[in-house]
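Peer 1: model this:
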Amino acid sequence: MTGQPHRENIEVLHLRTRRWNTVVAVYVRHLDAATTLLYSHGNAADLGHLYQLFLHLSFNLRVNVLRSSGFTRKPVYRQK
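Peer 2: This is a model prediction of the structure:
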């Protein structure tokens, strides 16, 4: 993520849908986690503003955090 320090426990994922669109997700991994929290938010939320919240949730609750906007990026077309 731009403007944030690199951390080994955070991944920016590009998930492919059945229709070959890409959904961007952020995964914060906690080494002692037995649970993953799926974080959903309102329409106008900014990932940059939520970054610190995800770190605090993961650290304090000892959970993994997965956030996906549910919105897709431009379609990716398969080569035939």
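Peer 1: host element of the nearest residue to His30 once chain neighbours are set aside?
Peer 2: Spatial nearest neighbour of His30, excluding adjacent residues (Cβ to Cβ, 6 or more residues apart in numbering): Ser58 at 4.7 Å. To be clear about C-beta, it is placed using only N, CA and C from the backbone, and glycine gets the same treatment. Following DSSP states H and E, one finds Ser58 within helix 47-61.
Peer 1: so where is the protein shaky, pLDDT-wise?
Peer 2: By pLDDT under 70, the low-scoring segments of the chain are 1-7, 42-48, 69-80.
Peer 1: at 80 what do you get?
Peer 2: Applying pLDDT under 80 to the chain picks out residues 1-8, 40-49, 68-80.
Peer 1: in the helix holding Ser58, what's buried?
Peer 2: Leu47, Leu50, Tyr51, Phe54, Leu55, Leu57, Ser58 (16 or more other Cβ atoms under 10 Å).
Peer 1: hmm, back to that, check contacts around the residue nearest to His30.
Peer 2: Contacts for Ser58 (Cβ atoms under 8 Å, 6 or more residues apart in numbering) come out as Asn9, Val28, Arg29, His30, Ala33, Asn64, Val65.
Peer 1: now with 6 Å?
Peer 2: Residues in contact with Ser58 (Cβ atoms under 6 Å, 6 or more residues apart in numbering) are Val28, His30, Val65.
Peer 1: and if you look at Tyr27?
Peer 2: Contacts of Tyr27 by Cβ under 6 Å, 6+ apart are Glu11, Leu13, Leu66.
Peer 1: pick the one among the residues you listed closest to Val23.
Peer 2: Taking Cβ to Cβ as the measure, Val23 sits nearest to Leu13 out of those, at 8.5 Å.
Peer 1: contact partners for the residue found closest to that closest one once you drop the neighbours it is linked to in the chain?
Peer 2: Closest residue in space to Leu13, ignoring its immediate chain neighbours: Ala25 at 4.4 Å, by Cβ to Cβ, 6+ apart. For Ala25, the contacting residues are Leu13, Leu15, Ser68, by Cβ under 6 Å, 6+ apart.
Peer 1: and Ala25, that's in a strand?
Peer 2: Yes - counting by DSSP: H, G, I helix; E, B strand; the rest coil, Ala25 is part of a strand.
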